[in-house]
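>>> 3D model of this:
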Amino acid sequence: MRWDQALKDYQNYLRIERGLSKNSIYNYSFDIKKLTNYLNDHSISVSPEAIDADEVKSFIYEVSKSLNPRSQARLISGLRNFFDYLIFENYRTTNPLDLIESPKIGRKLPDTLSVKDIDNLIAAIDLSYTYNGVNLGERNRAIIETLYSCGLRVSELVDLKISDLFFKEGFLKITGKGNKQRFVPIGVSTQKYITIWIDIRNHIKIDPNSRDIVFLNYKGKQMTRAMIFTIIKQLVKTSGLNKTVSPHTFRHSFATHLLENGADLRSIQMMLGHESITTTEIYMHVDRSHLSNVLQKYHPRK
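Down below sits the predicted model:
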């Protein structure tokens, strides 16, 4: 079997059998492409069925020189999954990653913003900003408010559809990882900002492929993840906030602020769309002062 055919079959498996998103499939594929590029650069002619542990070790040693431990662990995990697939399809009997250990990494706590930080970011948005006759300032405010108020992933935000808005019931229907759907509550104020943007959106010439998409660029096309990152980066610079902020920072802040104000982990898990409660539990470690306050308030041996 050729590497390109093995990769194509694996991508189909990830999409059809595991229901992964395009972004997840891209990330898994990127690990394998790194390996095949290494083999080509070193004139190593070996098939996916025949590559052995020593050849994979040499590759990992080479690329790990420029990777931090967390990236190394992700690379090893991605390759291990690929070779597990080949075993599942009876192309191999062993996984060359079985005896390769991932580097020890600590649990990385998510970066969060304070409520004041978020208020300052939103206040820094120029609501009058217009490009090619389209008010993008109102759109940008609706984007930031939705990211923070609903705890969405950036992919969920750019894929949000008009038909997913259930404002009367107070929910958004979100399609998350693995095409799993969930309903996320949305507050009245965020509904208002989205409605303001939709009124503006309705006067744009919309691309036929984006008719049901909420957030559009000035050309009437669906926005990309990169565009959301750029908007946030520029906003952070304008506001003078001395922090590294990404779309995911608002999601982390959403969960942390809910926990700090008494929400239970199970509810937060459902709103974030985490498959496992252990993923949500990381937020228990974000603000230890909050945990101390809980102890002081509720434990009989204060």
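>>> look at Leu258 and report its pLDDT.
Note on Leu258: pLDDT of 85.
>>> quick one: the helices in the stretch 151-300 of the chain, in order.
Under the criterion DSSP state H, counting those that start in this stretch, helices of the stretch 151-300 of the chain are mapped to 154-158, 188-201, 225-239, 247-260, 265-272, 277-280, 288-298.
>>> what's the average pLDDT for the third one?
This means helix 225-239. On average, helix 225-239 scores 93.
>>> for the protein, give me the ranges with low pLDDT.
104-110, 276-302 (pLDDT under 70).
>>> so which residues of it form strands?
Ranges of strands in the chain, per DSSP state E, are 130-131, 134-135, 165-166, 171-175, 181-185.
>>> need the ones you listed in CSV with distance to Ser210, can you?
All C-beta spots, glycine's among them, are computed from the backbone N, C-alpha and C. Below are the strands of the chain laid out as CSV (distance: least, C-beta to C-beta, whole Å):
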stretch, distance to Ser210
strand 130-131, 17
strand 134-135, 14
strand 165-166, 15
strand 171-175, 16
strand 181-185, 21
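>>> got a markdown table for the helices of the stretch 151-300 of the chain, with distance to Leu172 too?
Output for the helices of the stretch 151-300 of the chain, formatted as a markdown table (distance: least, C-beta to C-beta, whole Å):
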| stretch | distance to Leu172 |
| --- | --- |
| helix 154-158 | 9 |
| helix 188-201 | 9 |
| helix 225-239 | 17 |
| helix 247-260 | 13 |
| helix 265-272 | 10 |
| helix 277-280 | 19 |
| helix 288-298 | 27 |
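>>> let me have those helices in CSV, extended by mean neighbour count.
Formatted as CSV, the helices of the stretch 151-300 of the chain follow (neighbours: other C-beta atoms under 10 Å):
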stretch, mean neighbour count
helix 154-158, 21
helix 188-201, 17
helix 225-239, 16
helix 247-260, 21
helix 265-272, 17
helix 277-280, 13
helix 288-298, 10
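>>> out of those helices, flag the one nearest Thr94.
helix 277-280 (29.5 Å; C-beta to C-beta).
>>> tell me how many other residues surround the closest residue to Tyr10 other than its chain neighbours.
Nearest residue to Tyr10, sequence neighbours excluded (C-beta to C-beta, 6 or more residues apart in numbering): Tyr85, at 5.4 Å. As a burial measure, Tyr85 scores 21 neighbours (other C-beta atoms under 10 Å).
>>> now Ile44
Neighbours around Ile44, by other C-beta under 10 Å: 13.
>>> ok, now the one 5 residues further on?
By other C-beta under 10 Å, 12 other residues sit near Glu49.
>>> let the chain start at 571 from now.
Renumbered: residue one is now 571, and that last one reads Glu619.
>>> gap between it and Tyr788?
50 Å (C-beta to C-beta, to the nearest Å).
>>> residue contacts, Thr700?
Leu706, Gly707 (C-beta atoms under 8 Å, 6 or more residues apart in numbering).
>>> run the last query once more with 10 Å
Contact analysis of Thr700 by C-beta atoms under 10 Å, 6 or more residues apart in numbering lists Leu706, Gly707, Glu708, Ile770, Tyr788.
>>> closest to Arg572 out of the residues you listed?
Among those, Tyr788 lies closest to Arg572 (C-beta to C-beta), at 43.4 Å.
>>> right, and the closest one touches Ile776 too?
No - under the criterion of C-beta atoms under 10 Å, Tyr788 makes no contact with Ile776, lying 11.3 Å away.
>>> okay, these two: which has more neighbours?
Under the criterion of other C-beta under 10 Å, the comparison of Tyr788 against Ile776 puts Ile776 first, with 17 against 14.
>>> how near is that one to Glu715?
22 Å.
>>> likewise Asp654?
Distance of Asp654 to Glu715, given as C-beta to C-beta: 41 Å.
>>> stretch 664-672: how far from the chain's middle?
27 Å (C-alpha atoms, centre = their mean, to the nearest Å).
>>> name the residues that touch it?
Against stretch 664-672 from outside (C-beta under 10 Å, 6+ apart): 620-627, 630, 639-640, 642-657.
>>> in helices, which of those fall?
Mapping these onto helices (DSSP state H) picks out 623-627, 630, 639-640, 642-657.
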